[in-house]
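Novice: What shape does this take:
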Amino acid sequence: MRKRTGYLVGIVLVAGAVGVATVLVSLAPQPETHEPPSLLPYVNTAIIVAGTGPIPVRGAGTVRPSAEVDIAPQVGGRVVWVDEGFVSGRHVVAGQTLFRLEEADYELGVRQAQAALAAREVALLEAREDAAIAQAEYERYAARQGENASTKPNPLTLHIPQLKAAQAALAREEAALAQAELALSRTGVTAPFDGVVHDESVDIGQLLAPGQSVGRLFSSDAVEVVVALSDADAALIPRLWRLEGERQDIVAVVYAEYGDVAYAWRGYVDRADASLDAETRTIDVIVHVPDPFAPGGPAGSGASENTAPPLLVGKFVEVAIEGLVPDDYFRVRRAALQADDEIWTVRDGTVRVVPVRVLQLIDDDAYVTGELEDGQLAVTGGIRFATQGMKVRTGDSRGQ
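Specialist: Numbers count the residues shown, from 1 in each chain. Here you go, the predicted model:
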C-alpha cells in the first residue's frame, strides 16, 4: 500500500514539473530573427560633375620685375645734390633727376670746345678765300696761255685739299662741342622709367667713377612671375606659343599670402620659353601682372582692402591660369581615378569600368574626358579590384 502511494506521488510530481515547464516555454519570448548579412562589398562613392568653363592650370613661382637697371653715372665727378626721393623703397617717375655731379669741369670743357670751334670756323673761311683766289688766278693764267694751258690743274694749286681739311677740322670741333655738351648734360642722372628705388647708396660729396652703380631701379608698371609647368600642363594653355596680339586673352590670377591672409592680382600669360629646363624638364611660362603696386584684392577670409599689400618683388606666389575649354569633360574626386586611367562607375548596384583621359589633377579633383555622365556615381574606396558588371552596395552616400 505504501509502495503504491509512493508511485502515485512520483507520477504527480513528474506531471507537475512537465506542466510547469510547458507553461514556462509557452510564456518565453520568441527569439528575434535576422536576415543573413549580404555578401556584396560596400563601396564609397562620389558624384561625377560635368565640367564647365576653362580647366585651371596651377603653378607657382617668384615675382620678379619686368625691367630692372643699375643706377650709375655715365661721367665721373663729385656728387653735389641728391633728390630726397632717391632712397630705397621710394617711387620715382621717368625723367626725374635722382642726383647731380659737379658741373664745373664739364662747363669748362664746353667753353674750350666752343673756342676751338670758333677758331676752326675762321680757318674754314680763310681756306675758302684762299681756294677762291687760287681758282681766279688759275683762270687768268689759263686765259693767257690759250690752247697751251693745262686742262687739269693740280688740286693743290686750287687749294682743294686745304679746303677739305679745314671743313673736316670744323666738323671735328663741332663733334667735340657736342660731346662736351653731352657730358655736361650727363652730370644729372635721371630715372629711365617709372619705378621703385632699391639698394640706394649715394651721398653728397661722394666721388663717383663712370659706370659706378649706386642703386637699382625696379619698374613699377608691371612684374612677372615665371611658372615652371610640365609639358602636359603647358599643353592645356591655348595658343601658348602664338600669343602675339592675344596675350591678354589668357587670364592668370596670382595669389600671395601676407600674414596668413590671401590676396589676388589679375594678370595674363605673356609668353613661354622655347626650350625645356635642362634639370627639371619643365617649361617656363611667364605671367605678366600690370600695376603690381596697387593693393591686391581680398582672396580669402580675413582679407581687407584697407590693409591689402602690393605684390612685392621676390614674393613666392601661386598662379592659376585659365586653360582650354574642352567640349565635354568631367570633374570627379581624385580618389575615383583608378590605375590605368580608369573610373569605376556604379548604376543600380552594378559596376562599369570606364577608361578616361586625364586632363588635369588639382588638389582633390581630377578633370577627365570619357564616356561618363553628369550625376553618375564613381567608386572612391571600399574595394581594391573591380570587374565589368560586378555587384556592389553603395548605401545612401552620394557625397562629393
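Novice: hey, let's count contacts and neighbours off CA atoms from now on
Specialist: Noted.
Novice: Could I get the full set of strands for the stretch 101-250 of the chain?
Specialist: All strands of the stretch 101-250 of the chain, identified by DSSP state E, counting those that start in this stretch, fall at 188-190, 195-198, 207-208, 216-219, 222-229.
Novice: Quick check: mean pLDDT of the fourth one?
Specialist: I take that to be strand 216-219. Strand 216-219 shows a mean pLDDT of 94 in the predicted model.
Novice: do the last one as well
Specialist: If you average the pLDDT over strand 222-229, you get 95.
Novice: For that strand, give me every contacting residue.
Specialist: Where contact means C-alpha atoms under 8 Å, 6 or more residues apart in numbering, the residues beyond strand 222-229 that reach it are 59-67, 282-292, 313, 319.
Novice: from the residues you listed, which ones fall inside helices?
Specialist: Assigned to helices by DSSP state H, none of the contacts of strand 222-229 qualify.
Novice: Show me which of those are buried.
Specialist: Neighbour-count burial (16 or more other C-alpha atoms under 10 Å) is assigned, among the contacts of strand 222-229, to 59-61, 63-66, 282-292, 313, 319.
Novice: Now render the strands of the stretch 101-250 of the chain as TSV, adding distance to residue 88 and mean neighbour count.
Specialist: Rendered in TSV, the data for the strands of the stretch 101-250 of the chain read as follows (distance: least, C-alpha to C-alpha, whole Å; neighbours: other C-alpha atoms under 10 Å):
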stretch	distance to residue 88	mean neighbour count
strand 188-190	16	20
strand 195-198	5	22
strand 207-208	19	17
strand 216-219	9	23
strand 222-229	18	22
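Novice: Is there a neighbour count for residue 117? I'd like the number.
Specialist: Residues within reach of residue 117, counting by other C-alpha atoms under 10 Å, total 21.
Novice: For residue 108, see how far away it is.
Specialist: Computed with C-alpha to C-alpha, to the nearest Å, the distance linking residue 117 and residue 108 is 14 Å.
Novice: likewise residue 344?
Specialist: 88 Å.
Novice: Looking at the two now, which is surrounded by more residues?
Specialist: residue 344 (22 against 13).
Novice: taking the contacts of strand 222-229 one by one, which sit in strands?
Specialist: With strands defined by DSSP state E, the entries of the contacts of strand 222-229 inside them are 59-65, 283-290, 319.
Novice: Show me which pair in those residues is furthest apart.
Specialist: When C-alpha to C-alpha is used, the two most widely separated members of the ones in strands among the contacts of strand 222-229 are 283 and 290, lying 22.5 Å apart.
Novice: In the stretch 201-350 of the chain, where is pLDDT below threshold?
Specialist: Low-confidence segments of the stretch 201-350 of the chain, defined by pLDDT under 70, span residues 243-248, 300-306.
Novice: the helices in this protein, which residues?
Specialist: For the chain, applying DSSP H gives helices covering 2-27, 104-145, 160-185, 231-234.
Novice: Need the winner for burial among these.
Specialist: Highest mean neighbour count of those: helix 160-185, a mean of 18 (counted as mean count of other C-alpha atoms under 10 Å).
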